[in-house]
Each structure stands twice: as C-alpha cells, then as structure tokens.
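Peer 1: got a sequence here, can you model it:
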Amino acid sequence: MNSETQSNVVINISDNDAGEAIISASTLTFTVSGWSATQTVMVTGADENFADSSQIVLITVSEDNLSDTNSATIYNKTVNSTNTDTGEALEFTITETNSSTCVTESGATDNLNITLNSEPLADLILNIVSADTWGSRGLSKLSNLHN
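Peer 2: Numbers count the residues shown, from 1 in each chain. Model (predicted):
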C-alpha cells in the first residue's frame, strides 16, 4: 500500500494451476494501523511426478470486493512464476538379474527389469537393440508402459 487506508484492505492471491504451485496464503489483510507492513506469501513448486517440462504459473493479486471502498482502487497484478520440472527428461532404470545378463547359445534366457522413473504423459515405446545381430532373438520392443 502506498498510503494509509480508512479500514482494513483484504488482498486475494490465486494461481491458475494449483497442480504446479502451492501458495501459502489465499488472502492477506492490511489493517489501518499496519497498512505499510510487508507481508510475505510463499510460492512452492508442486511435483506432480510426471515429466511435463517447466510450466509457467500465473499468480494474481487482487483486492477483495468487500475491502475498504473509500480507498483508491487497487488494480490486479499478475506475476509469472516458473515451476522447473525435476523430471524434465523421462528416465528409466534397467536392473539385471544378479547384476549381469547371461544367456547361452543353447537357448538359456535371462531377464532385464525396466522401470520408468516418472509417469509419462502418454503411452511409451522403448526399442531394445542388441549389438550382436547374429545371436539376438526375442524381445525387441516394449510398449504400453503407461500406467
């Protein structure tokens, strides 16, 4: 506030995507005696556990309609906040049986366990390629890893 008010002024704080950001307070009240005191609102990025790249969140600060009607109008202000995605690159983990993959020419098989580290936004296909094209038979593609 730039000048003293005649009664309490309530400020609303909102965002356009609660899934991306958490705001510590939805309202602030500036009193007649404390009109010039700084009040802090904390914005915390929310992790939605899937790779959606960094997202812009619009945080809007506006005067509550029931506030001091004798004071000058406070115009809405919007602040852009970026929620940087911690899982921006979709990654996966490969676990080998007993820390190695052993097969034989007589047909003995082994397994690779593949786990996604975050939820994809759509179905995902991983292509598996062997450097040995002579002995490589069997699984060459994993599909529909989306939960």
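
Peer 1: quickly note the distance from the spatially closest residue to residue 39 that is not a sequence neighbour to residue 40.
Peer 2: Ranked by Cβ to Cβ, 6 or more residues apart in numbering and with sequence neighbours excluded, the top spatial neighbour of residue 39 is residue 28, at 4.8 Å. Any C-beta I mention is one placed from the backbone N, CA and C, and that applies to glycine too. In this structure, residue 28 and residue 40 are 9 Å apart, going by Cβ to Cβ, to the nearest Å.

Peer 1: same check, this time on residue 21
Peer 2: The gap separating residue 21 from residue 40 is 15 Å, by Cβ to Cβ.

Peer 1: have a look at the two and say which one is more surrounded.
Peer 2: Neighbour tally, residue 21 and residue 40, criterion other Cβ atoms under 10 Å: the higher count belongs to residue 21, 19 against 7.
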